[in-house]
Each structure stands twice: as structure tokens, then as C-alpha cells.
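> Here is a sequence together with a model predicted from it:
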Amino acid sequence: MSNAHKKTIINVLILYLTSTLLLLGVLVYGYYHYYQEQEQLRYQTNMKANAKKLHVKLQEIHNTLATKASYPQCKGVQSAIYDRDKNLLHSTLHTQLSHWDREFFQKNGYFYLVYEVTPYYMGAAFIVIEQKAPKFWDSISTTAMLWVVLIVIVLLATSIFLVKLILKPLRDNLKLLDQFIRDTTHELNTPVATILTNIELLSRLPIEPKVQTKIDRIKVGALTVSNIYDDLVFLLLNHQTSVQNENLLLSGIIFERLGYFDILFRAKSLRVVYEPHNEFEVNMDRKKLIRLIDNILSNAIKYTQVATTITIKLHNNRLSIADEGEGMTQEEIGKIFERYTRFNTSQGGFGLGYNIIYNIAKEYNIAITIDSKVGEGTCVILDF
Amino acid sequence: MRHIGFLVILSLWVGANNFESHCKSCHGMERQLHIFMHRYTLKYSSQERIQKAMFEYIKNPQASNSIMPLGFITHWGVKKPTTLDDKTLKEAIGEYYRLYNLSKVWE
């Protein structure tokens, strides 16, 4: 499964799960409030019954004209009686209430019910009943959590199945395309190598200048195709080629690549200024270093004007390759490392070069700076 | 502090004296005093309202502001208005409430 596929599946999963969990959250929240209201109503009814019982007992005590009596109590229920001016007459409450504005309320973990009565037996105009409030969430949380976990598992399985089902045709097409490019690339290797080998052999023979020019043109074409081939192989293998890091003399490699591109420089009448100020070794895979330098050089050759200068400087651990080409805007520089990005369709290419540069630089922690001005040229700076 | 304590005791003694001499001399039966307090409490509930209702009734006794049953009023009628001054009457009522209020019932 490719990275793009994984990313798509993860994105769809996140979207699907987030929206579903949000919906579930709303449902659980609604259910919790419904349950809480029902439970409170049950408590309220029960407490009102206790208040009525207490009123009856107060009536009995009042009517006996008793001078001494025990305050009537119900099991598990605390109560208080207040007169018409809300002065406390007697209380067994945990918290003393000085005022209230609702018939039923919760305070300090207790429910309170205020029951107004007449006539005022024993002076009581208000009977307040207190009962410990349960933690509703505790009673439903385990069940709710089990349901949520179960639903999430089912959703996860369903969404993975659905995403795979939807992406199957796309995945098949991409596989086909990958296979096609792989086969084509493989088929390109032999003819390009043959052309380049034969051109090398021809260059050793005495050839007329006119014929030599034609051979040079063939070599330029073959080198371009060879470069594209190397890029495609690099991408097709997803950078997972066997890495053999070694200490490489950067100035030497650059010199070698300048020789490789020599015919392309000559084809565009480019002047190359190479200023290696010092010897500098890098610990890299040779093939990857070559791809890095080749892509910068081939971009410089491709986008610079005819008969201009390409300046290559190597100073301390900094390599800069500057051309005198069209240059880029800041917006274009921001997008340059995206794969298949091309700003000038008049030149050939797939828009892979800078993406390859970016990936190799990222792998070896090389800082890239693109310094470019429209109409003046571009300078690619690599800090190793 | 000593002076304040003395004044409190003096006022209680004066109130008690007023209640004893002006009320209890006629309504001497304990049960009768309890019945009155129970009836006033049943109708008026709070100390402030009870004392106010007692004061108004004693100053101006009417069938409409009496706490006694209609049959009792019809048979016996209402008492004559008091001749006591307001201060003395309020002190006597205060003492009566202090001694007979129903909050004292709870053990």
C-alpha cells in the first residue's frame, strides 16, 4: 500500500470517526440529561411524599398539645421546618438553608425539596427535605463507555472495509500505471546505454566536423533521456535503493558531473565557472549525491539562457550553483519542491527534479536555499 | 458588660411581672395558655406575626380577629379591649411567647 493510499485511508477514517463520535457524544449527552431529569423527578416525588408524611406527624403532635415531643424523622431523610417568615424552627439538615428561590434544588451534593404547607402545625409553613444526591454519571458511565467502545470498533471495521472497497479501482489503476512505467523504464535502459556506448566509441574515430556535430546532438538527446531514466528509477524504487554511504570528495564528484554534462553545456554555449575553494568530504551514497548534483545542474542548463554563465562555488561546507536563467517568483519557490511542479512548459521534463533534490537533502539533513530573482537567475545553495 | 446583663435581667423580670400580673391572673390555667399558643401558631406561624396578632386582638377584640372558634365567640362573645399601655402589653405578650412558644416542644 502506497503512502498516498495510507494517507487517504487515515484521512477518511479520521473524518468518519470524528463525525460519528461527535454524533455519539451528542446522543450520550442527551441521554445523560434525560436520565438525570428522570432520576431527579423520581427523587422529587419521593421527597414530596416524605414531606407530606412529616406534615401529618406534625399535625398529630400539634393536636395532642404536647409540651415535649421528639422531632419526627424518616429513615435516610433529613428535614427542617421553617415558619412563614422563613425562620428556622427545627432542623436535622446537614447544611442550614437561609433562603431558597426554587421548590427543588441541589446544593453541596444534596437534593433539597421545599414543601409549603398550611395550616401551620407546630408553626411550620415550610418543610424542607434533604436527601443525598447520587452521582448519575457513575451509574450510567460504565454502560455508556462500553457502548461507545463497541460502536467505535464496529465503525472502525466498517470504515476500513468501505474505504478499501472505494479505493480498490483507483489502486488497481495506479498499480497498472506503476507497472507500465516500470516496464517502460526497464525497456529504456538498454537502448540508451547502447546509444551512449556507441557514441563514445565513435568519438575515438576520426570524424568529419559536420558528422561530429550530429553525433554531439545525438549524445545530448541520449544524455537527457539517461538523466530522466535515472530519476524515474530513483522514484520508482521509492528512494529505497541499497544505500552505501561513504566519504566522498565533493569537489571531485562535481568535477566528474561537469564532465558528464560537458556536451550539454557546449550545446547551449554555456560558460561554466567552477570555484572549489576547498576540499570537502561528504558521507553519502554516491548514486544519491550524483542524483542531487545532476538534478541541480540539469535544471540550471535547462532554464538558463543560451550563452550565459553557470557558476559553481564550493566554499567550506556550502555548495552553490547559480544560473542566469529566467528566475522564479517567491510563490513559485514555495511550490518548487512539490512533485510534478513545472512553471515553464516550453521545456521538457516531468517536474521531478526539485522533488528528488528535496528528498535526498532531507534524508542527509542538507539545508537547501533557493535564491532567485525573475529575469536575473536562480542560485541553489546546499549547506552540508 | 455587667450593666448590660443587669438590664437584660431587669427587662425580663419586668416582662415576666407584666405577664404574671396582667395575663396569668385571669388565664391562670396552663392548658388554656397552651391552647391559645397552639391556636395562634396554627394560624400565624412566626413569632412576629403571632405577637402582632395577639397585640391587635387584645387592643381591639373582634370576632373577625379572634383565633377562637365561631361557636365559642357566639356563646361567650369577645373580651373587652385592654386598658394596658402598648409598652406594657408588648412586654407581657413577649414573655408569654417566650414561655409557651412551640419550638420549646422539641426534645
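Perfect, I can see it now.

> And the helices in the stretch 201-350 of chain A?
Applying DSSP state H, counting those that start in this stretch to the stretch 201-350 of chain A gives helices spanning A:209-236, A:250-260, A:262-267, A:286-303, A:330-335.

> Tell me which of the ones you listed lies nearest to residue A:184.
Nearest to residue A:184 among these is helix A:209-236 (8.5 Å), distances taken as CB to CB. Quick note: C-beta positions are derived from backbone N, CA and C, even for glycine.

> Report the buried residues of that closest one.
If you call a residue buried by 16 or more other CB atoms under 10 Å in any protein chain shown, then helix A:209-236 has these buried ones: A:215-216, A:219-220, A:222-224, A:226-235.

> For residue 29, give me the pLDDT.
Picked chain A for this. Here the pLDDT value assigned to residue A:29 is 86.

> try chain B instead
pLDDT for residue B:29: 82.

> give me the number of residues near residue 64?
Using chain A. When neighbours are defined as other CB atoms under 10 Å in any protein chain shown, residue A:64 has 10 of them.

> Oops, wrong one, chain B.
Residues near residue B:64, counting by other CB under 10 Å, number 8.

> So it lies in a helix, does it not?
No: Residue B:64 sits outside any helix when classified using DSSP: H, G, I helix; E, B strand; the rest coil, being coil.

> quick revisit: rank the helices of the stretch 201-350 of chain A by mean pLDDT and give me the bottom one.
Ranked by mean pLDDT, these end with helix A:209-236 in last place, scoring a mean of 80.

> Against which helices or strands is that helix packed?
helix A:136-203, helix A:262-267, helix A:286-303, helix A:353-363 (3 or more CB pairs under 8 Å, 6 or more residues apart in numbering or on different chains; DSSP states H and E).

> How far off centre is the last one?
Relative to the mean C-alpha coordinate of its chain, helix A:353-363 is positioned 21 Å out (CA atoms, centre = their mean, to the nearest Å).

> what's the next secondary structure element after that helix?
strand A:367-373 (DSSP states H and E).

> Can you list the helices and strands that that following strand packs against?
Under the contact definition 3+ CB pairs under 8 Å, 6+ apart, strand A:367-373 sits against helix A:353-363, strand A:377-383.

> make it 6 Å
strand A:377-383 (3 or more CB pairs under 6 Å, 6 or more residues apart in numbering or on different chains; DSSP states H and E).

> what are the ranges of the helices in chain B?
Ranges of helices in chain B, per DSSP state H, are B:2-19, B:30-44, B:47-59, B:70-76, B:86-100.

> measure the residue in the stretch 201-350 of chain A that chain B sits nearest to to residue A:229 for me?
When scored by CB to the nearest CB, the stretch 201-350 of chain A has residue A:334 as its residue closest to chain B, at 80.9 Å. Per CB to CB, to the nearest Å, residue A:334 is found 29 Å from residue A:229.

> Likewise for residue B:51?
For residue B:51 relative to residue A:229 (CB to CB), the value is 112 Å.

> And for residue A:53?
The gap separating residue A:53 from residue A:229 is 96 Å, by CB to CB.

> same thing with residue B:88?
Residue B:88 is 124 Å from residue A:229, by CB to CB.

> so for stretch A:81-96, what's the average pLDDT?
If you average the pLDDT over stretch A:81-96, you get 92.

> if we look at that stretch, which residues are touching it?
By CB atoms under 6 Å, 6 or more residues apart in numbering or on different chains, the residues outside stretch A:81-96 that reach it are A:71, A:78, A:80, A:108, A:123-127, A:130, B:45-46, B:103, B:106.

> Same list, those, but as TSV with distance to residue B:64 and secondary structure please.
TSV is the format used below for the contacts of stretch A:81-96 (distance: CB to CB, whole Å; DSSP: H, G, I helix; E, B strand; the rest coil):
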residue	distance to residue B:64	secondary structure
A:71	35	coil
A:78	40	strand
A:80	33	strand
A:108	46	coil
A:123	22	helix
A:124	25	coil
A:125	22	coil
A:126	27	strand
A:127	29	strand
A:130	40	strand
B:45	19	coil
B:46	21	coil
B:103	28	helix
B:106	33	strand
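
> count of residues packed around the closest residue to residue B:79 other than its chain neighbours?
Sequence neighbours aside, residue B:61 is the residue nearest to residue B:79 in space, at 5.0 Å (criterion: CB to CB, 6 or more residues apart in numbering or on different chains). Number of residues near residue B:61 (other CB under 10 Å) recorded here: 17.

> quick revisit: nearest approach to residue A:207 belongs to which of the helices of chain B?
Of those, nearest to residue A:207 by CB to CB is helix B:47-59, at 129.3 Å.

> Need the residues that contact the closest one.
For helix B:47-59, the external contacting residues (CB under 6 Å, 6+ apart) are B:40, B:44, B:65, B:82, B:93, B:97.

> and chain B, which residues reach chain A?
Counting by CB under 6 Å from any CB of the partner chain, the residues of chain B close to chain A are B:34, B:38, B:41-42, B:45-46, B:102-103, B:105-107.

> which ones are touching residue 43?
Defaulting to chain A. residue A:111.

> Sorry, I should have been clearer: chain B.
Each residue near residue B:43 by CB under 6 Å, 6+ apart is listed here: residue B:67.

> Nearest spatial neighbour of residue 99, chain-adjacent residues omitted?
Going with chain A. Residue A:99 sits nearest to residue A:86 (CB to CB, 6+ apart), 6.9 Å away.

> let's do chain B instead
residue B:19 (7.6 Å).

> Report the separation between that neighbour and residue B:28.
For residue B:19, the distance to residue B:28 equals 12 Å [CB to CB].

> In contact with the residue nearest the centre of chain B: list those residues for me.
When CA atoms, centre = their mean is applied to chain B, the residue found nearest the centroid is residue B:93 (3.7 Å). Applying CB under 6 Å, 6+ apart, one finds that residue B:93 lies in contact with B:51, B:54-55.

> Of those - the most surrounded one?
Using other CB under 10 Å as the neighbour test, the contacts of residue B:93 are led by residue B:54, with 23 neighbours.

> Nearest to chain A among the contacts of residue B:93?
Top of the list for closeness to chain A, among the contacts of residue B:93 and by CB to the nearest CB, is residue B:51 at 11.9 Å.

> one step back: write the PyMOL selection for whichever of the contacts of helix B:47-59 are buried.
The PyMOL selection below is limited to those of these classed as buried (16+ other CB under 10 Å):
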select buried, chain B and resi 40+44+82+93+97
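
> Select, from the contacts of helix B:47-59, the two members most distant in space.
So, the contacts of helix B:47-59 by CB to CB: farthest apart are B:44 and B:82, at 18.9 Å.

> what about the stretch 101-250 of chain A, any weak spots by pLDDT?
Within the stretch 101-250 of chain A, the segments meeting pLDDT under 70 span A:136-140, A:237-242.

> Near chain B, which residues of it? Just list them.
By CB under 6 Å from any CB, the residues of the stretch 101-250 of chain A that approach chain B are A:119-120, A:122-123, A:125.

> Most neighbours among those, which one is it?
If you count neighbours using other CB under 10 Å, the busiest of those is residue A:123, which has 29 neighbours.
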